[in-house]
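Trainee: Predicted coordinates and the sequence they were generated for:
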Amino acid sequence: MIKETFVASDPKSAYEQAVKKYGDNITLISAKQITYEDGKLRSEIVVEVAKNLFIKKSFGKMPAAGAADEVKALLADKGISSEWLDGMLDAIEEASILEDKSLLVSYLIGEIDEALKVKKEDLSLPKIMMLVGPTGSGKTTTIAKLAARYAYLMEKPYKVALLNLDNYKVGAVEQLEHYADIMQIEHVSIASTDEFRKNLERFADYDIILIDTAGMSPYDTRKFIKTIGFVACGSEKQIEVSLVLAATVKYEDMEDIYKNFSFLNLDNVIVTKFDETKHFGTLLNFMLLYKLPMSYFSTGQEVPDDLMPANKEYLLEQFIGDMDEK
Ligand SMILES: Nc1nc2c(ncn2[C@@H]2O[C@H](COP(=O)(O)OP(=O)(O)OP(=O)(O)O)[C@@H](O)[C@H]2O)c(=O)[nH]1
Ligand SMILES: [Mg+2]
């Protein structure tokens, strides 16, 4: 809302001026009489009016709203939700930003930048990382990359163990085992909470335990994964749940994915398949909506090369590149 002052010889005339400009869409905030420097008594009233209406009536042919509408349409078309955009646009006070398309775009990109969160890589304390997410999103591949990174590619080697909760899928055990064998990293398949507890003890002195899970979330798997979380609560290691989400995620699936996995206390998001799309709006929208920090980006199928710590600039560059194509 914008406050505007009207001045006339008496309060009634001042109010009529406001009504003439805005119709009934005003709220009277205050009215007072003031003696001006010329010695005359005048009435000042302050009314409150919606920002869009203020711009429309004060700047004539709605140049501002025009630019704002255009920019909103552009970003919405790229996957950013209208509600989020409306909220941002409503909060802009300076008409000059609303009037200038490129200024407005950079302002909104700045807001997206500020809203995005990154979780910094921190291996200072021993921890358990569990990767969950939709089928085929890249959990197992990412586990293999992370295992290699932590065991071999950091400034010091960390002791890493792999646990596999994904016993439901044909070939799942072999896939992780294959990577583990190449990297000479301990690997165990887990089918019960009891086994999980035993292996936590077995790997008590390890720096990082990585847990792979099944993509699908049938009821039993959900329950199992949840119990695992409880069991881990009792250990001295922190359990961190990462949602593995492909950048190719479809707008319609976004909400379902969140619903399916938010029963877990999600700590961060690992974004995969950066190389498979040029459109990052839906992904950005997911981040803006659910406010989860991003931890890693996966940029291809190569283990261990195609993995990097999450980086806002990288993501926003891709997004801006996509907008420029229009
Ligand atoms: N292009 C590309 N492909 C990827 C990326 N990450 C994983 N993949 C591929 O996606 C496919 C599925 O990857 P997985 O790691 O098996 O996915 P998952 O989440 O473990 O799948 P489920 O265990 O079936 O739920 C494989 O062909 C991977 O090579 C990536 O960043 N880019
Ligand atoms: Mg898998």
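Mentor: On my side now, so go ahead. This one's a predicted model, so the numbers in the text were calculated from it and none came from an experiment. Ligands and ions are numbered 1, 2, ... in the order given.

Trainee: Would you mind measuring from Leu85 to Leu289?
Mentor: Applying C-beta to C-beta, to the nearest Å, one obtains 12 Å for the distance of Leu85 from Leu289. To be clear about C-beta, it is placed using only N, CA and C from the backbone, and glycine gets the same treatment.

Trainee: who's more crowded, the two?
Mentor: Neighbour count, other C-beta atoms under 10 Å: between Leu85 and Leu289, Leu85 has more, with 20 against 16.

Trainee: Double-check the more buried one against Leu108; I have them as touching.
Mentor: Yes. Contact status for Leu85 versus Leu108: in contact at 7.4 Å, counting by C-beta atoms under 8 Å.

Trainee: any shared contact partners between the two?
Mentor: Overlap of the contact sets of Leu85 and Leu108 (by C-beta atoms under 8 Å, 6 or more residues apart in numbering) consists of Leu75.

Trainee: who in the protein is up against ligand 2?
Mentor: Residues of the chain found near ligand 2, taking C-beta under 5 Å from the ion as the criterion, are Lys139, Thr140.

Trainee: Break the chain into its domains for me.
Mentor: As recorded under automatic domain parsing, the domains making up the chain are 1-49, 59-115, 127-324.

Trainee: Just the terminal-to-terminal distance for the last one.
Mentor: What it means is domain 127-324. Its start and end residues considered, domain 127-324 measures 42 Å (C-alpha to C-alpha, to the nearest Å).

Trainee: Helices along the stretch 101-250 of the chain, start to end?
Mentor: Under the criterion DSSP state H, counting those that start in this stretch, the stretch 101-250 of the chain contains helices at 101-115, 139-148, 172-183, 193-202, 219-233.

Trainee: Can you tell me which of those helices has the worst average pLDDT?
Mentor: Within the helices of the stretch 101-250 of the chain, the stretch with the lowest mean pLDDT is helix 219-233, showing a mean of 67.

Trainee: So out of everything in the stretch 101-250 of the chain, what residue is nearest ligand 2?
Mentor: Taking C-beta to the ion as the measure, the point where the stretch 101-250 of the chain comes nearest ligand 2 is Thr140, at 3.3 Å.

Trainee: That residue: neighbouring residues, count only.
Mentor: 24.

Trainee: now swap in Glu121 and tell me
Mentor: Neighbour count for Glu121, taken as other C-beta under 10 Å: 12.

Trainee: Can you name the residues that contact it?
Mentor: Ser295, Pro309.

Trainee: at 10 Å what do you get?
Mentor: Contacts of Glu121 were listed using C-beta atoms under 10 Å, 6 or more residues apart in numbering, and they are Arg149, Tyr150, Met154, Ser295, Tyr296, Pro309, Ala310.

Trainee: In ChimeraX, how would I select just the buried ones from these?
Mentor: The ChimeraX command for the buried members of those (criterion: 16 or more other C-beta atoms under 10 Å) is given here:
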select :149,150,295,296,310
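
Trainee: Could you save the contacts of Glu121 as TSV and add columns showing pLDDT?
Mentor: Compiled in TSV, the contacts of Glu121 are given as follows (pLDDT from 0 to 100):
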residue	pLDDT
Arg149	97
Tyr150	97
Met154	95
Ser295	98
Tyr296	98
Pro309	98
Ala310	98
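
Trainee: Sounds good, over and out.
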